[in-house]
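[1] Below: sequence and its predicted model.
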Amino acid sequence: MARQFTLGRNERLKSRKAIEELFNGGKNFSLAPFRVHYLLMRGEGSTANSSKIEFGVGVSSKVFKKATDRNRIKRLMREAYRLQKNFLVEKLNTSNWKLRLFLVYTSKDAINFNIATAKLTLILNRLIKIIDENTSANS
């Protein structure tokens, strides 16, 4: 079966309530130029509309005044994530966890796609290690 490199509607983190829960109750770490907020939850059961992972991105409007600049950075971040997320999704499918993930771009300079891809690889590898640690701790 071929891998799907999609970022569907059910994988996007849109709910204000879910985002507040993530920022208030989740954990975070920094890997320049990103700040990563994540929340691991027990995956009770899956319905047709639910996903193992919910993902969102954000860019400061104080740093990037023009919406076109913010939208370009968010688009690059989403594209880099979309192409690399399958390893993380496979790890979540083998474990009994769900993940909410939000990336905040913190640099004052614009980013290019190659740097975004390289940094996102490091972020996803770190999240896979965190999932492994939580899986082994709860076993």
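    Nice, I can see it.
[2] Show me what the helix or strand hosting residue 91 is packed against.
    Element membership for residue 91 (DSSP states H and E) is helix 86-94. In this structure, helix 86-94 packs against strand 53-59, strand 97-105, helix 113-137, with contacts taken as 3 or more CB pairs under 8 Å, 6 or more residues apart in numbering; DSSP states H and E. The C-beta positions use only the backbone N, C-alpha and C, and glycine is treated the same way.
[3] Make TSV out of the ones you listed and add mean neighbour count and distance to residue 66.
    Converted to TSV, the helices and strands packed on helix 86-94 look like this (neighbours: other CB atoms under 10 Å; distance: least, CB to CB, whole Å):
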stretch	mean neighbour count	distance to residue 66
strand 53-59	20	11
strand 97-105	21	14
helix 113-137	15	19
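[4] JSON lines for the ones you listed, including mean pLDDT and distance to residue 25?
    Supplementary listing: these in JSON lines, determined by pLDDT from 0 to 100; distance: least, CB to CB, whole Å:
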{"stretch": "strand 53-59", "mean pLDDT": "93", "distance to residue 25": "14"}
{"stretch": "strand 97-105", "mean pLDDT": "94", "distance to residue 25": "10"}
{"stretch": "helix 113-137", "mean pLDDT": "92", "distance to residue 25": "15"}
